[in-house]
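Trainee: this one's structure only:
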């Protein structure tokens, strides 16, 4: 729900079956890789048959790809949706320019490997060295939450109840949701609803825009006559139609949801309630610290202090889980 900023958005789908969550498969952080070391790690990382952990963590710049990977785990690999997560990562342009964060376009790395026949396969993949720093993780959403909010790809399963490959999925979703024969209002509602499922804490406007960009397969753009061709469609789509779709998406997300008075009241009430709970917990920790201080200075042994600290940590964990559950319930 924050202001839009300049930077790059990435998405990572992960679950217990992954080599790492937001850290690399090695489970540690090391020094910055040399160019030779980076290429060697990427050569291992790109090989799906490789079972050795690498120092790289993959992300994509397409939300539809992260979504596909997540539901592929559900329908093709029988993983539990509540254990599958999509992390949304934002890297400000300022950090990119100062090189304070280390990530690389996978396509550029692939170009430097003779063994890679088609570097374009990695067009939308990026790799971080060692880990994705926590400060860049804007939001996480589980596949279970997406399903509970109405975003499920069950209708796109094939005859064997498996999710098709990404290319086929994109074609099917374009046909069912973005078909040029549909009105701009219908398309706007469909795309906005998908983005909304990620929650108000997610960059929903950006996600909706990326769905519009990455679901259809673009075959030709004519800037002079202002139309585009999508693969699989013989008729051109003029810029005006796309313009009205994007305006409709903005209206659906902002006017009909984020700026809606009922949602804003729920959001305000949630913030105040969460703040109150955290203040109470902060007070308990303050009392704990005071008790420890008095016990030590009195010369007594703080026999139960460790047990009480563990109890407070568990209460704090439960409190945060309660706050998060309530946040999800109101659409955050």
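Mentor: Arrived safely. Because the structure is a prediction, the values reported are computed rather than measured.
Trainee: Show me the helices in this structure, by range?
Mentor: Taking DSSP state H to define them, one finds helices in the chain at 35-45, 63-75, 93-97, 106-111, 143-148, 166-177, 184-196, 204-214, 239-250, 261-298, 305-329.
Trainee: For the closest residue to residue 145 other than its chain neighbours, report the pLDDT, please.
Mentor: Distances taken as CB to CB, 6 or more residues apart in numbering place residue 328 nearest to residue 145, at 5.7 Å, with adjacent residues excluded. Glycine gets a C-beta too; all of them are placed from N, C-alpha and C. Per-residue confidence (pLDDT) for residue 328: 93.
Trainee: tell me the centre residue of the chain?
Mentor: residue 88 (2.8 Å; CA atoms, centre = their mean).
Trainee: ok, now which ones touch that residue?
Mentor: Contacts were defined as CB atoms under 8 Å, 6 or more residues apart in numbering; by that measure residue 88 touches 9-11, 137-141, 198, 202-203.
Trainee: Residues touching stretch 214-231, excluding its own?
Mentor: Contacts for stretch 214-231 (CB under 8 Å, 6+ apart): 62-65, 124, 167, 170-171, 173-174, 177-178, 180, 232, 236-240, 242.
Trainee: Please pick the buried ones from these.
Mentor: With burial judged by 16 or more other CB atoms under 10 Å, the buried subset of these is 62-65, 124, 170-171, 173-174, 177-178, 180, 236-237, 242.
Trainee: Tell me how many other residues crowd residue 144.
Mentor: Close neighbours of residue 144, defined as other CB atoms under 10 Å, add up to 16.
Trainee: Likewise for residue 224?
Mentor: Residue 224: 5 neighbours (other CB under 10 Å).
Trainee: Setting aside sequence neighbours, what's the nearest residue to the residue nearest to the centre of the chain?
Mentor: residue 139 (4.5 Å).
Trainee: Kindly write the PyMOL command that selects the buried subset of the contacts of residue 88.
Mentor: Buried residues among the contacts of residue 88 (16+ other CB under 10 Å), as a PyMOL selection:
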select buried, resi 9+10+11+139+140+141+198+202+203
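Trainee: picking that back up, lowest-confidence one in the buried ones among the contacts of stretch 214-231?
Mentor: Ranking these by pLDDT puts residue 236 at the bottom, with 83.
Trainee: Can you list phi and psi of that residue for me?
Mentor: In terms of degrees, to the nearest 10, the main-chain angles of residue 236 are phi -70, psi 160.
Trainee: quick one, what contacts it?
Mentor: Each residue near residue 236 by CB under 8 Å, 6+ apart is listed here: 222, 227-229.
Trainee: Separate out the buried members of those.
Mentor: By neighbour count, with 16+ other CB under 10 Å, the contacts of residue 236 hold 227-229 as buried.
Trainee: need those residues in a markdown table with distance to residue 23 and pLDDT, can you?
Mentor: Converted to a markdown table, the buried ones among the contacts of residue 236 look like this (distance: CB to CB, whole Å; pLDDT from 0 to 100):
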| residue | distance to residue 23 | pLDDT |
| --- | --- | --- |
| 227 | 46 | 82 |
| 228 | 40 | 85 |
| 229 | 42 | 82 |
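Trainee: Show me which of these is closest to residue 70.
Mentor: The shortest gap between residue 70 and any of those belongs to residue 228, at 28.8 Å (CB to CB).
Trainee: wait, isn't residue 284 in contact with residue 312?
Mentor: Yes. Assessed by CB atoms under 8 Å, residue 284 is found in contact with residue 312 at 6.0 Å.
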